[in-house]
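Peer 1: everything below, folded, please.
(one chain, ligands or ions: 1)
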Amino acid sequence: MNQLSQLWTIPNPEFSQTFLDDKASALFERLRQIDVAYSQVRFASSMAAEDLVLIDAIAHTKSAISVFTLNTLRLHAESIEMIETVHSRYGITIQQLLPEQASIEAYTRQYGENGFYDSVQAKEQCCRIRKVVPLAQALQGCQAWVTGQRHGQAVTRADLAFKEYDRERGIEKFNPLFDWTEADVWSYLKARSVPIHPLHLKGYPSIGCEPCTRPVRQGENVRAGRWWWLQEQKKECGLHQT
Ligand code: SF4
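Peer 2: Numbers count the residues shown, from 1 in each chain. Model prediction:
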């Protein structure tokens, strides 16, 4: 069978216990560094695999990093269910940031409910009102924010660093998993029995809004299912401009 005819499946790497322990310890240390150096730090979570690694690590280190998610009102039902899963497992309450209803109505009048398929400009405007504006509101008063981004996720993330300055919002930005591989992520989740988003079991390595995310095939980039109708360089939603 052609490799590309099969859907992506969760990797099952075999790492030594020593490697896993060292990887987890280094991550915990990164979070402690952030926690000690800054007050008012927030983590933007989409409930995908990388973000569950960070939620587990935040809980383990008892960091004062608060967790929120951008509920665009176009998410998969499973993403909303993960909020309760996280609360049950860790006692962490994930705040949901919603877009403004007036902005959604104006967008729908101008572009149509699913106008983001029709042009890059319409897609960027939808992401702006449903993600970028709520993110800016979420980060008001913060000194730093945390993301689950990794180098290997996309060409647009190849130059990622642990610490960056977010010029758009005027605060520090941390990517504690910047140098982690996909195998590192899944080995951590398995080793620590971390709950995972149900769509990972259906061929989705990356999870965003329901109409803009689809499963990927074996061998494709892990973000190939995000805005699959666009070129790779256009596959960001405006949250990660530094
Ligand atoms: S991912 Fe799609 S539905 Fe979600 S905000 Fe962006 S364009 Fe809109």
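Peer 1: mind listing the strands for this structure?
Peer 2: Along the chain, counting by DSSP state E, strands occupy 41-44, 66-70, 95-97, 144-146, 163-166, 171-174.
Peer 1: show me what contacts the residue nearest the centre of the chain?
Peer 2: By CA atoms, centre = their mean, the chain has its centre lying nearest to S46, at 4.4 Å. Taking CB atoms under 8 Å, 6 or more residues apart in numbering, we find S46 in contact with T69, L70, S79, G148, I207, G208. To be clear about C-beta, it is placed using only N, CA and C from the backbone, and glycine gets the same treatment.
Peer 1: if I look at it, how far off is K23?
Peer 2: To K23, S46 is 22 Å away according to CB to CB, to the nearest Å.
Peer 1: re the thing from before, of the strands of the chain, which approaches G112 most closely?
Peer 2: The closest of these to G112 is strand 66-70. By CB to CB, the value is 21.7 Å.
Peer 1: do you know how far I58 is from the ligand?
Peer 2: 25 Å (CB to the nearest ligand atom, to the nearest Å).
Peer 1: thought that residue was touching I65?
Peer 2: Yes - the pair I58 / I65 is scored as a contact, 5.2 Å apart, by CB atoms under 8 Å.
Peer 1: what touches both of those two?
Peer 2: Counting by CB under 8 Å, 6+ apart, the residues touching both I58 and I65 are L31, F43.
Peer 1: quick one: the top helix by length along the chain to chain centroid distance?
Peer 2: When the chain is parsed with DSSP state H, its longest helix is helix 17-37. The chain centroid and the centroid of helix 17-37 are separated by 19 Å under CA atoms, centre = their mean, to the nearest Å.
Peer 1: residue boundaries of the helices in the protein?
Peer 2: So, for the chain - with DSSP H - the helices run 17-37, 49-61, 77-90, 101-111, 120-127, 133-138, 182-191.
Peer 1: which one of the ones you listed is the most hemmed in?
Peer 2: Each of the helices of the chain was scored by mean neighbour count; the highest is helix 49-61, a mean of 22, by mean count of other CB atoms under 10 Å.
Peer 1: residues from this structure in reach of the ligand?
Peer 2: 72, 74, 116, 123, 126-127, 130-131, 208-209, 211-212, 237 (CB under 6 Å from any ligand atom).
Peer 1: write the ChimeraX selection for whichever of these are buried.
Peer 2: One line in ChimeraX is enough to select the buried ones among those; burial here means 16 or more other CB atoms under 10 Å:
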select :72,74,116,123,126,127,130,131,208,209,212,237
